[in-house]
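Peer 1: Give me the fold of what follows.
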Amino acid sequence: MAFSTSNIKATAVQTFMEGLLTDNNDWAQICNLMNQDVASIRLAGIKASPNIGTWDGTSSITTDTPSEDLTTTLTYQAYAQQCRLSKFDIKDNPELVSMVSNKMARSVNSTMRNLAYSRLAGAFSTQLSDGADVCATAGRTDSAGDTRVNQVTDALTQSSFEDAIEALRKFKTANAQSNDVVDLGRLFLVVPPELEVMARQIVGSDFHGGAHTAETFNRTNTMQGRATVLVSNQLVDSNDYFLVSEPPISPLVFWTRSAPEYTAVIDQDNQYLKLTTIFAAVANWRPDPTGIMGGAVTGGG
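Peer 2: Numbering: from 1, shown residues only. Presented below is the predicted three-dimensional model:
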């Protein structure tokens, strides 16, 4: 196909948009996606109302006033890239414009994927406004004084997966309410490449993957299909893993302040085709970590 000034720009933009839509966007399955066109966003961690009390039918009803004790402020970062192609490079390689446009689209998706999964990987070292890490074994208590634990420390196995599911079921709200999120939507088991085989065996096998004894031999795997496996090489610790609820329960937030834009402009001075993409985004956490259980393996590397 011969390019001319009239179709080269349209081809570039069309190929870029196709690349955005066809690339792997698995990270979006665990993030609450936001696109408000504002300078910043303040997320309030409003404490849940306590359990409903009894009422005699005539007395004044007990009033509960929600409090915003914890907050997170989202501040976006802008990203941009430009590629210049000479007039005769384009003539010599008719597919060059499409190839570069597709690659730039994939680079946009790769950057967004890295933002989301890198934020997830930092769950054991990122403090929320209550002073505790996103996934923690201490430092976060409910109104009854009990520690809210959303971190396990055993290596990923069939048994530790079952323990993590149980722990996620028992994770309570700040007001000490039972908050079983396991059955409120899909669960995702997010692992590094080193744990992919183990993760798929745990949720995909017909049979239990624990130690085989006379009692457990041929035992049915009751956790089959319990979670969807996501694999990310942004999880740099080869032993760590996460159980994450799907939105809106997931505490991960991804705000696209400005959606990816793509322009193709011919410089009249030198006839270079300038392909430019610009967007603005940030990944962060809600103030309350409900909806995630992290596996920070003791002694892992």
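Peer 1: just how off-centre is the longest helix along the chain within its chain?
Peer 2: In terms of residue count, the longest helix belonging to the chain (DSSP state H) is helix 96-121. Mean-position distance between helix 96-121 and its chain equals 15 Å (CA atoms, centre = their mean, to the nearest Å).
Peer 1: Run through the chain and note the low-pLDDT ranges.
Peer 2: For the chain, applying pLDDT under 70 flags the ranges 1-6, 46-49, 66-69, 208-218, 299-301.
Peer 1: so where do the helices sit in it?
Peer 2: Taking DSSP H as the criterion, the chain carries its helices at 5-22, 87-92, 96-121, 158-170, 196-204.
Peer 1: Can you list the buried residues in the longest helix of the chain?
Peer 2: For helix 96-121, burial by neighbour count (16 or more other CB atoms under 10 Å) applies to 96-98, 100-109, 112-117, 119-121. Any C-beta I mention is one placed from the backbone N, CA and C, and that applies to glycine too.
Peer 1: and the angle for it with helix 5-22?
Peer 2: On the basis of axes from the mean of the first three to the mean of the last three CA atoms, to 10 degrees, helix 96-121 is oriented at 30 degrees to helix 5-22.
Peer 1: Show me what helix 96-121 is packed up against.
Peer 2: Using 3 or more CB pairs under 8 Å, 6 or more residues apart in numbering; DSSP states H and E, the elements in contact with helix 96-121 are helix 5-22, strand 77-85, helix 87-92, strand 252-266, strand 273-285.
Peer 1: Return the angle between stretch directions for the fourth one and helix 5-22.
Peer 2: Same thing as strand 252-266. For strand 252-266 against helix 5-22, the angle by the same axes, to 10 degrees is 160 degrees.
Peer 1: Parallel or antiparallel, which strands does strand 252-266 pair with?
Peer 2: Sheet pairing here is set by DSSP bridges, and for strand 252-266 it gives strand 32-34 (parallel), strand 273-285 (antiparallel).
Peer 1: mind checking how far the first one is from the chain centre?
Peer 2: This points to strand 32-34. Taking CA atoms, centre = their mean, one finds the center of strand 32-34 at 10 Å from the center of the full chain.
Peer 1: And it, what's buried?
Peer 2: Neighbour counts over strand 32-34 (16+ other CB under 10 Å) mark 32, 34 as buried.
Peer 1: can you list the helices and strands packed on helix 96-121 in TSV and add mean neighbour count?
Peer 2: Converted to TSV, the helices and strands packed on helix 96-121 look like this (neighbours: other CB atoms under 10 Å):
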stretch	mean neighbour count
helix 5-22	16
strand 77-85	14
helix 87-92	12
strand 252-266	18
strand 273-285	19
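Peer 1: Distance to Thr54 added to the ones you listed, as TSV?
Peer 2: Below are those laid out as TSV (distance: least, CB to CB, whole Å):
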stretch	distance to Thr54
helix 5-22	54
strand 77-85	51
helix 87-92	76
strand 252-266	37
strand 273-285	37
